[in-house]
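Colleague: Sequence first, then the predicted structure:
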Amino acid sequence: MTLEDLNIHGMANRGILAGRLSNWSLNRVRIIANGWGGWDGDLGEAGGSSDSGQMLFQTVEVGWNGCGETYPDKVVFGCWGQQEGGYGDGFGTTTTSGNWVFQNSYFHHNTQDGLDLLYADTTATITVQQTHAEGNAGNQIKVAGSPTVENSVIVGNCSYFTGIDYMTGNNSGGANTAGDICRALGNALVLSVQPSLKALVRYNTIVGEGDCLILAINGDASSSVAIQNNALIGKPDWVKANQTPQPQSCLFYWDNNSASAWPVTYGGNILWQVKDNACPAGNTCNVDPQLLNESLTAFNSIPKSTSPVINKAATALGTVAKDSRNLPRPTLGGYDIGATQYQGGCDGLTQTVLKKKVVCR
């Protein structure tokens, strides 16, 4: 089954309710502003979602689910979350298998999680490539099975909906909605790594204001997480805003093992402003990666020309041929740390000619 060139928007309930699927492909599909959720794989039966085979999603946008839209001008309207009796996942399933691949996709501003495949079983493989996630009220990306996340930009601004009414929408902050803002502690990337399974997180740019940038759950000493060549930026932990001093988002936490048993390896990452200035061996620590915009409200992952990420990726750990924009790696003699390869010149800036000279603005 192939779904192609569709715009599914403004449904009162789900954009897509689908389970027991095998070998589906979505290409250039938008699932936008559906009142209950975007893609819901929960059929309400004991078998869970029960998907199998190749599940391929290319150039898919899933946003503003848990909200409605006005007619005919399609303005986002009436956002609500779980605390108000709603739901709001952008993309979610219950127990499922399958070989899931997400490429060049965008999960954003859903009132719960963005991409939620946390309930994939141990036979599933999940690959997230060249994907952008931001503004979701819970976790931006949650994956299980044997996951690989690479060349992706993950912006964990989980407090996005705070104080926003969206024309009498309920998800507007305050005591009645606080549980929907940065729910599940707002960790930007969540990995469920069962015993003997491995997760690979490489060439991503991750920033967040949740409890941690990367959280692992489940698993044991036979599991493993490899975190390689990522740009990782911490922000003040929104959930702990009442603490003095307010802590930063932590680099990594595994919630099922003591610290001495965490089977996680690091290499070639650049770390900036994470909690307690965490600095595992083999990384560049407490150094600003100098991206075009590091604010949560207007984040831009393109490195500045002076950035220390340029040509600094540890290629012995593995390489990828394209970056988050599908532009080539390497350039200028080497591979860059993070999701986005600097292409030289005025990359990401406006190029003008002033007195016969090219000026980047």
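Modeller: Good, I have the coordinates. Numbers count the residues shown, from 1 in each chain.

Colleague: and the residue nearest to C285 when sequence neighbours are not counted, what does it touch?
Modeller: What sits nearest to C285 in space, not counting adjacent residues and going by CB to CB, 6 or more residues apart in numbering, is C279, at 3.6 Å. The C-beta positions use only the backbone N, C-alpha and C, and glycine is treated the same way. C279 makes contacts with L271, C285, N286, as judged by CB atoms under 8 Å, 6 or more residues apart in numbering.

Colleague: got it, and K142?
Modeller: Contacts of K142 (CB under 8 Å, 6+ apart): D113, L115, D116, L117, L118, L189, V190, S192.

Colleague: ok, of those, which one's closest to A133?
Modeller: Among these, L115 lies closest to A133 (CB to CB), at 6.5 Å.

Colleague: Quick one: buried ones out of the contacts of C279?
Modeller: In terms of neighbour count (16 or more other CB atoms under 10 Å), the buried residues within the contacts of C279 are L271, C285.

Colleague: which stretches of the stretch 151-300 of the chain aren't confidently modelled?
Modeller: 164-179, 257-260 (pLDDT under 70).

Colleague: now the strands for it?
Modeller: Using DSSP state E, counting those that start in this stretch, the strands found in the stretch 151-300 of the chain span residues 153-156, 189-192, 198-202, 205-208, 212-217, 224-228, 231-234, 250-254, 264-267, 270-272, 284-285, 291-293, 300-303.

Colleague: Export those strands as CSV, with columns for distance to L26.
Modeller: Below are the strands of the stretch 151-300 of the chain laid out as CSV (distance: least, CB to CB, whole Å):
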stretch, distance to L26
strand 153-156, 21
strand 189-192, 22
strand 198-202, 24
strand 205-208, 25
strand 212-217, 27
strand 224-228, 28
strand 231-234, 29
strand 250-254, 31
strand 264-267, 32
strand 270-272, 34
strand 284-285, 38
strand 291-293, 30
strand 300-303, 25
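
Colleague: Figure out which of these is closest to A144.
Modeller: Closest among the strands of the stretch 151-300 of the chain, using CB to CB: strand 189-192, at 3.7 Å.

Colleague: For that closest one, list the C-alpha coordinates in PDB.
Modeller: Written as PDB, here are the backbone C-alpha positions of strand 189-192 (Å, rounded to 0.1, in the frame of the first residue of the first chain):
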ATOM      1  CA  LEU A 189      15.200  11.600  22.600                       C
ATOM      2  CA  VAL A 190      14.000   8.500  24.400                       C
ATOM      3  CA  LEU A 191      15.400   5.000  23.600                       C
ATOM      4  CA  SER A 192      13.900   1.800  24.900                       C
END
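
Colleague: what's the spacing between it and its chain's center?
Modeller: 10 Å (CA atoms, centre = their mean, to the nearest Å).

Colleague: what sits up against it?
Modeller: 118, 120, 139-145, 147, 149, 154, 156, 184, 199, 201, 204, 206, 213-219, 225.

Colleague: Now do the same contact list for D40.
Modeller: Taking CB under 8 Å, 6+ apart, one finds R14, I16, L17, A18, Y87, D89, G92 in contact with D40.

Colleague: what number of residues lie near the second one?
Modeller: Summarising burial for I16: neighbours were counted as other CB atoms under 10 Å, giving 19.

Colleague: go on, the fifth one?
Modeller: For Y87, the number of neighbouring residues by other CB under 10 Å comes to 22.

Colleague: Just to check, G37 is in contact with D89?
Modeller: Yes: if you go by CB atoms under 8 Å, G37 and D89 touch, sitting 4.9 Å apart.
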